[in-house]
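Enquirer: Sequence and computational prediction follow.
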Amino acid sequence: MSIESRVVLLDASGAAIGTADKISIHTRETPLHLAFSCYLFDDEGRVLLTRRSLAKRTWPGVWTNSFCGHPAPGETMTDALRRHALLELGVELGELAEVLPDFRYSARDASGLLENEVCPVYAARTAEAIHANPAEVAEWMWVEPAALVAAVAATPRVFSPWSVLQVSQLEDRLAALAVMPLEGAATGASR
């Protein structure tokens, strides 16, 4: 079993307490584990939205942030973000900043599967063309930050529950993140 197929398990305080197979833990009683979300911006100040592949085990076919995933045991968050950007979108990341370091959520999808994650949120930039992996991403589009905020407010059920919560926490900052240097956007140290 590859290290990328394992997740880092956490206690209630967010401290690592072990690892587990990613597929086996995503059940109706998913234990707390470490993940991340990322909002990717282009040179025009737009943010990338993706629709999860219909093959995804949780929330298939819903619109969400640019990409998300789980760092492998022992992998830095920066390395995990860069690995997933390549895997899911076929792009290298430029600037990168942690924008919601303490984000945490729990949500149950229509099938009954539970997500239960400590999930720091990042903003990143790329100047590269998207080459989405169809096993991960069904569709994608670049949108203005204000359009994302409006869409999430108008139709939250179309979006992943984590992205709805994240956008509500970031809505006053999304437009600024789209145009400012990301080094000045961080609210916590990158991991």
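Expert: Perfect, thanks for sending it. Numbering: from 1, shown residues only.
Enquirer: Please enumerate the strands of the chain.
Expert: Here the chain has its strands, by DSSP state E, at 6-10, 16-21, 33-34, 36-41, 47-52, 63-64, 67-69, 96-100, 104-108, 114-118, 121-125, 137-143.
Enquirer: phi, psi of A12?
Expert: phi -60, psi -30 (degrees, to the nearest 10).
Enquirer: list the contacts for it?
Expert: For A12, the contacting residues are L32, by Cβ atoms under 8 Å, 6 or more residues apart in numbering. No exception for glycine: its C-beta is placed from N, CA and C like everyone else's.
Enquirer: One more: G69?
Expert: Here G69 is in contact with A35, F36, A80, R83, H84, L87, E88 (criterion: Cβ under 8 Å, 6+ apart).
Enquirer: Adding mean pLDDT and distance to D172, write the strands of the chain out as CSV.
Expert: As requested, the strands of the chain are exported to CSV (pLDDT from 0 to 100; distance: least, Cβ to Cβ, whole Å):
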stretch, mean pLDDT, distance to D172
strand 6-10, 96, 29
strand 16-21, 95, 32
strand 33-34, 98, 27
strand 36-41, 97, 14
strand 47-52, 98, 14
strand 63-64, 98, 20
strand 67-69, 96, 22
strand 96-100, 95, 12
strand 104-108, 97, 19
strand 114-118, 96, 23
strand 121-125, 96, 14
strand 137-143, 98, 17
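Enquirer: Let me know which of those is the nearest to P161.
Expert: Closest approach to P161 among these (Cβ to Cβ): strand 104-108, 3.9 Å.
Enquirer: Give me the helices and strands touching the closest one, please.
Expert: Packing partners of strand 104-108 (3 or more Cβ pairs under 8 Å, 6 or more residues apart in numbering; DSSP states H and E): strand 114-118, helix 161-170.
Enquirer: So what touches that strand?
Expert: Residues contacting strand 104-108 (Cβ under 8 Å, 6+ apart): G14, R28, L114, E115, N116, E117, V118, C119, P161, W162, L165.
Enquirer: what number of residues lie near the residue nearest to the second one when sequence neighbours are not counted?
Expert: Spelled out, that is R28. Excluding the flanking residues, the one nearest R28 by Cβ to Cβ, 6 or more residues apart in numbering is G112, at 5.1 Å. G112 has 8 neighbouring residues, counting by other Cβ atoms under 10 Å.
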